[in-house]
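S.K.: Would you be able to build a 3D model of this:
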Amino acid sequence: AATASGVAGGCPRVRISLGELRSYSTQLAQSLQHVSPLRHIRALEAACHAIASEERPGYDTKLTQTSSGSTLTSSQMKVSLAGPFSSQTDSPRTLTSSRLRHLVCVEGVATKVNSVKPKIVKSVHYNPSKSTHESREYVDASHPYLNLPVIDATGREMPDRLLTLTSSSYPTRDAENNPLETEFGLCEYADSQTVTLQEMPERAPHGQLPRSVELVLDKDLVDKIKPGDRVQIVGVYRALSGGMGAASIRSSFKTVVLVNNITALNRDVANLVFDSRDVHEIRTLSKRNDILDVLARSIAPSIHGHDVIKKALVLQLLSGVERNLENGTHLRGDVNILLVGDPSTAKSQLLRSAMTIAPLAVSTTGKGSSGVGLTAAVTSDPETRERRLEAGAMVLADRGLVCVDEFDKMSEVDRVAIHEAMEQQTVTISKAGIHASLNARCSVLAAANPVYGQYDGHRRPQENIGLPDSLLSRFDLLFIVLDQLDPTSDRRIAAHVLRGHRYRRPGAGFGVDTSTSSGYGFDDDSDSDGEDGADRISDLRKRSTSIWQKNHHKTAEVSQARMNSRRKNGRGNDSHTDEILCQDFLRKYLRFAKQRIVPVLTDGAREAIVSRYAEMRSRQDDRTLPITARSLETIIRLASAHAKARLSHTVDAEPDCSQAMDILSFALYHENKSIQSPDDSASDPATEEHSNKRLRVEDSAEMPKEPSLLNIGSKDLNTLQSVKDQIWDAVRNSDGQVSLEEIPIEDKVLKLKAISELSKEGRIMESDEVLYMV
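M.R.: Predicted coordinates:
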């Protein structure tokens, strides 16, 4: 049941599995966890020491070279315990009084790490009067064997004698009042360190601050944790004597965890479990030509428009490929995005939607965080007055996503602190004698408002944004989101919002969005009043195993546009055009593509990237954002992320580089080429530019046109008019409300055209396949 580990810090350590110990004796494992863990650990260490001494005599002594000569130092074997402990691990919030003196397994984030300090274990003193040496052992409040029976020379416990606290000062005289001289070279010391472990932010209850607990590490376990690390700690939860706040609350004591074992956790905090069906569905879905459109419309379906921004968010969640060159150069693969625009354009909602999908995300605001709060800070311990290092938001979100809202409200001094973290992805601290470099390998998604409140199209983008070029160049994509005063667009947005307020899950209140629900495709918003109970159960079982779910925000115009695009792309038989991916499967798909796929550039992709970059440099003027070498790396990152979305191991010129250039061109020049999805409209506030001086290229051949009377022949016009009259009569005769299935028209394309025309005329409104008279 034991696995030997290497000698670390001069202390050999043996790893023992509780699972194997439990299979040997359940009673022994239960006693080790809940009755007297420190006493059992001491017995295990003594047994391991006896076995090791028999197999290799003198293993616990080694010759240490010092400036004064060679000395023998002893290091007895230690034991580390590993899980499984129980079905659910503890967190700093669940460590209550019932867990005291128990062996616990705690998971959290290291936020404060103190420096390593030596503590005295044994002192040796010389008595000049008697020419003899005396030794003394020290026991402090964090000693693991405190209040345990003393061990005699034969290895047996002495129940009548307990190990108690000793004074921490050196003796200066012996019992006969003779002076003593301390032999510092013969004294024994042990390394000691304290670490503050905080509850993981994503696991803390909403509206409550994360709890924390202090860890005590000694000997070979010190310096194993740095700020921002997510670790699993095995140790004994104990209260220290000489408690804190004894003047006000005499019964309160300081509680710590005496660490026995440390296990580093990966950054996948979502705990996603993949089975064979998931992998099969992921690989099948990746073969679609419109995979980026499917992923984009599945992100925040309750938000109208912003299709290009949603595609950019998908590529940010996938990220590019990180490169560490042989000469030490680090090329980041994370994508940084900045949203700047008018108020009430769903910028903050897009940030929140990205946070719900990302496996690791940390949210902050411009006013609610400082520069050191985003990176790292050197603070003073109130108890020991020592300097310690505290991790900020970007360090805690290593390998994750940082969402910064109200980015423009941050002061200039605080913004400068994140320059290094956004490009080099490290945080360097040189304060108060502490020199450290922490990892901050995270993507940044920021939202800001223009300088003048509303975006002024007559001014340069830099004047509206109000951020320095050195910071703007660190953002791969910068989207300008505008609030257009357009009646048609306002009507669509209003209908979209009203559909979200009309949705109600059975047994729940209004306004519940299915995009945040768990489970595969569970969609309770179906009109099942007239359904049979058995059919209802069968339908729910069928949808519970599907990766698709119904889109509650689709309209007849969107369905018609997507149908035209589907026919154009040769996917006329696709039955999931109007559906979106369920959120659990979306997280699994993005996680699978990000972790498993590492695409490489092909020769064709290199040539395409070089030519498009040169073209962008030639088009640069004072009306656009500066094009730098970082823009070239942006193209590579976006193209690599698109290849990950296709589960392709190569980055090709088509479609990876072309899609990346379309998104980048839209962010720079507000061009609409093939990037628009079928449900985009020309009056979308997220994609329009109200200044005629801005460059704008419209490729009408690539955009799916909405049905209108201009592109319908005279014969079809008569047929369309008769279908419109038939639909209008059906709505009026049904008290102003009728479902699409009740209208007996076989030609679905003509039916959708007629519904679209009636909606434009303001006579009806369609929602969830039900027509309402306006």
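
S.K.: low-confidence ranges in the stretch 401-550 of the chain?
M.R.: Low-confidence segments of the stretch 401-550 of the chain, defined by pLDDT under 70: 502-545.

S.K.: what about the helices in it?
M.R.: 412-416, 419-423, 461-465, 469-472, 487-502, 533-544 (DSSP state H, counting those that start in this stretch).

S.K.: Quick one: distance of the strand or helix carrying residue 258 to the chain centre.
M.R.: Using DSSP states H and E, residue 258 sits in strand 254-264. The chain centroid and the centroid of strand 254-264 are separated by 25 Å under Cα atoms, centre = their mean, to the nearest Å.

S.K.: ok, it: who's next to it in the sheet?
M.R.: Its sheet considered, strand 254-264 pairs with strand 212-218 (parallel), strand 230-240 (antiparallel) by DSSP bridges.

S.K.: Tabulate those in JSON lines, adding columns for distance to residue 312.
M.R.: (C-beta placed from N, C-alpha, C; glycine too.) Formatted as JSON lines, those follow (distance: least, Cβ to Cβ, whole Å):
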{"stretch": "strand 212-218", "distance to residue 312": "36"}
{"stretch": "strand 230-240", "distance to residue 312": "28"}
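
S.K.: quick one, which of these is nearest to residue 301?
M.R.: Of all these, strand 230-240 sits nearest to residue 301, with 31.1 Å by Cβ to Cβ.

S.K.: hang on, the earlier thing: identify each buried residue in the strand holding residue 258, please.
M.R.: By neighbour count, with 16 or more other Cβ atoms under 10 Å as the criterion, the buried positions of strand 254-264 are 255, 256, 257, 258, 259, 260, 261, 262.

S.K.: can I assume the last one is in contact with residue 225?
M.R.: Yes: the pair residue 262 and residue 225 qualifies as a contact (Cβ atoms under 8 Å) at a distance of 6.7 Å.

S.K.: joint contacts of those two?
M.R.: 217, 231 (Cβ atoms under 8 Å, 6 or more residues apart in numbering).

S.K.: related to what we said a few turns ago, tabulate the helices of the stretch 401-550 of the chain in CSV, adding columns for distance to residue 128.
M.R.: Shown next, in CSV, are these (distance: least, Cβ to Cβ, whole Å):
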stretch, distance to residue 128
helix 412-416, 61
helix 419-423, 58
helix 461-465, 77
helix 469-472, 68
helix 487-502, 88
helix 533-544, 85
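
S.K.: As JSON lines, those with distance to residue 212 and mean neighbour count would be great.
M.R.: Shown next, in JSON lines, are the helices of the stretch 401-550 of the chain (distance: least, Cβ to Cβ, whole Å; neighbours: other Cβ atoms under 10 Å):
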{"stretch": "helix 412-416", "distance to residue 212": "24", "mean neighbour count": "14"}
{"stretch": "helix 419-423", "distance to residue 212": "24", "mean neighbour count": "19"}
{"stretch": "helix 461-465", "distance to residue 212": "38", "mean neighbour count": "18"}
{"stretch": "helix 469-472", "distance to residue 212": "33", "mean neighbour count": "15"}
{"stretch": "helix 487-502", "distance to residue 212": "38", "mean neighbour count": "15"}
{"stretch": "helix 533-544", "distance to residue 212": "39", "mean neighbour count": "12"}
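
S.K.: Can you check which of the ones you listed gets nearest to residue 155?
M.R.: Using Cβ to Cβ, the helices of the stretch 401-550 of the chain put helix 419-423 closest to residue 155, at 54.2 Å.
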